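Undergrad: What shape does this take:
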Amino acid sequence: IQKEKQVLVLRRRMVDCLKYCADRGKRIFLVSDMYLPKKVLESILSQFGITQYNELFVSCDYKITKEKGLFKEVKKQIKPEETCLHIGDHSIADGEMARKNGIDSFLIMSPIRMMEISAYGSLLVHVGGIESRLMLGFMISEVFNDPFSLYQSKGKPLIKESRSFGYVFIAPLLFSFLVWMFEQLKEVNSAVLLFSARDGWLLHQVYGRVAEIFGLSRLPQSYYLLISRRAMQAINKPEAEAQKECYLKYLEGLQLEKYEQIYFFDFMSRGSCQYYLEQALCRKLHGLYFQKSNSGDREKENLNVECYFKDKNALDSERQIFRLCDFLECIFTSFHPSFTGFTERFEPVYERERRTKEQLACVRDIHTGIKDYCECFAEIISDFPREMPSEDFCDGVLRLIGSDYTRIEIEELKELTLDDAVYGDKNAGRDALM
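TA: Predicted coordinates for the structure are as follows:
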């Protein structure tokens, strides 16, 4: 029953409808085909704040379903002079059977039915085990919570809140990668995991919490590492000895020499930061990336890296994640600009912040949605996942971000810019939402 409660989601517009009727003195009967008895359902409804009803008819108690005669029991409670409207989502059980018993009916669509007729229907081909079904449930309960949301939409759902954006589109990818990372790490001994700035900021926060829920107490200690391609290139110049010394002292403070293995997270990279960090530490690292592209540099090609996405060349791939890589960097990022080095007082130095307060607030809300999703998902499945959805499922979710599938009305998101001192700034938000 506790698990049942965890996966239940209020359809808020329907609760509003119930309240509207109750406030106007209408009698309300709840009718359900359910294997749990009335007493249990009343407790669950009460916990969700649903108490404004006169009677609850449950098939479990009457030993008959709606199709077999449950509406006859409802009809006994309706006075001859009264009219009655039944609202439900099943064409036969809630529609035809109600009408056969002299009760008017109005059908709404279930979230899964709404998904089937929307631009999101293509995702259903990737559904397999319990984990992918749960991911799909998380999505449709958020996107299609309102049964009227597809009205005049041409099948394209509307997303207006930053938290929902993170919850629906980004969280499935991040959680799937995290589980893959756990698989790479759960048997290692005497290891440490470094989450590189700035792309590792969010993942570092989720890593510890999800590991705790799964009971993975032997996973490596993790640190968020201040690093950037620009900073590492700078300290390797002959005139930057003082900067190099400061950075080496920073690394010494992490006491990395205690560990037999050092794992290094990067998002989508050619391996530059890992390569320079290996030079600074004078030891080999084990990279864990979303994806690593060919660099054309033999030394970087020889780096020890495992990738969630196996594609070697982003330009030759049809995966959506490669089209959105700049945008996703803006999402996974920290709330500091790019790291450039340390002062003589050993204080970190960053580039000038070019994001507005509104854009930073937008990213923070997206992070909140992602964290909520990951924690809730982990608590529901509780044990370590047996079969996560394929990379194609996660990439299919990312594809829904485009304007062909979703109406996204979040102005701050459209203005997100990737500030890149090496290759130049890019309006990643506008490009992603096209």
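Undergrad: Any chance you could list what contacts the one helix or strand residue 243 maps to?
TA: Per DSSP states H and E, residue 243 falls inside helix 241-253. By Cβ atoms under 8 Å, 6 or more residues apart in numbering, the residues outside helix 241-253 that reach it are 226, 231, 234, 235, 236, 280, 281, 341, 342, 343, 344, 346. Where C-beta positions appear, they are placed from N, C-alpha and C, glycine not excepted.
Undergrad: The lengthiest strand in the chain pairs with which strands?
TA: Secondary structure of the chain read by DSSP state E shows that its longest strand is strand 261-269. Note on strand 261-269: by DSSP bridges, its sheet partners are strand 191-196 (parallel), strand 286-292 (parallel).
Undergrad: Tell me where the model's unsure across this protein.
TA: Within the chain, the stretches with pLDDT under 70 are 420-425.
Undergrad: Count the neighbours of residue 347 for me.
TA: Neighbour count of residue 347, defined by other Cβ atoms under 10 Å: 9.
Undergrad: And it, how close does it get to residue 248?
TA: Between residue 347 and residue 248 the computed distance is 16 Å (Cβ to Cβ, to the nearest Å).
Undergrad: What are the buried residues along the longest helix seen in the chain?
TA: Longest helix in the chain by number of residues, with DSSP state H as the criterion: helix 357-381. Neighbour-count burial for helix 357-381 flags 359, 362-363, 365-367, 369-371, 373-378, 381 (criterion: 16 or more other Cβ atoms under 10 Å).
Undergrad: who does that helix touch, helix- and strand-wise?
TA: Judged by 3 or more Cβ pairs under 8 Å, 6 or more residues apart in numbering; DSSP states H and E, helix 357-381 is in contact with helix 2-7, helix 130-143, helix 162-165, helix 171-185, helix 201-214, helix 325-332, helix 411-414.
Undergrad: isn't there a strand covering residue 9?
TA: No. Applying DSSP: H, G, I helix; E, B strand; the rest coil, one finds residue 9 to be coil, outside a strand.
Undergrad: residues touching it, list them.
TA: Residue 9 neighbours (Cβ under 8 Å, 6+ apart): 141, 145.
Undergrad: ranking the helices and strands packed on helix 357-381 by burial, who's on top?
TA: Ranked by mean neighbour count under mean count of other Cβ atoms under 10 Å, these are led by helix 325-332, which reaches a mean of 22.
Undergrad: quick one: that helix to chain centroid distance?
TA: Its chain's C-alpha centre lies 14 Å from the corresponding centre of helix 325-332 when counted by Cα atoms, centre = their mean, to the nearest Å.
Undergrad: do the same with stretch 190-200
TA: The chain centre lies 20 Å from the centre of stretch 190-200; the measure is Cα atoms, centre = their mean.
Undergrad: Need the residues that contact that stretch.
TA: Contacts with stretch 190-200, where a contact means Cβ under 8 Å, 6+ apart, come from 185, 201, 203-204, 207, 219-228, 254, 256, 258-267, 273, 277, 285, 288, 329, 332-334, 336, 338-339.
Undergrad: does residue 334 really touch residue 201, like I thought?
TA: Yes. Contact criterion Cβ atoms under 8 Å: residue 334 and residue 201 qualify, at 3.6 Å.
Undergrad: and the contacts of helix 241-253, which are buried?
TA: 226, 231, 234, 235, 280, 341, 342.
Undergrad: and which of the residues you listed is nearest to residue 48?
TA: Using Cβ to Cβ, the shortest approach to residue 48 within the buried ones among the contacts of helix 241-253 belongs to residue 226, at 44.8 Å.
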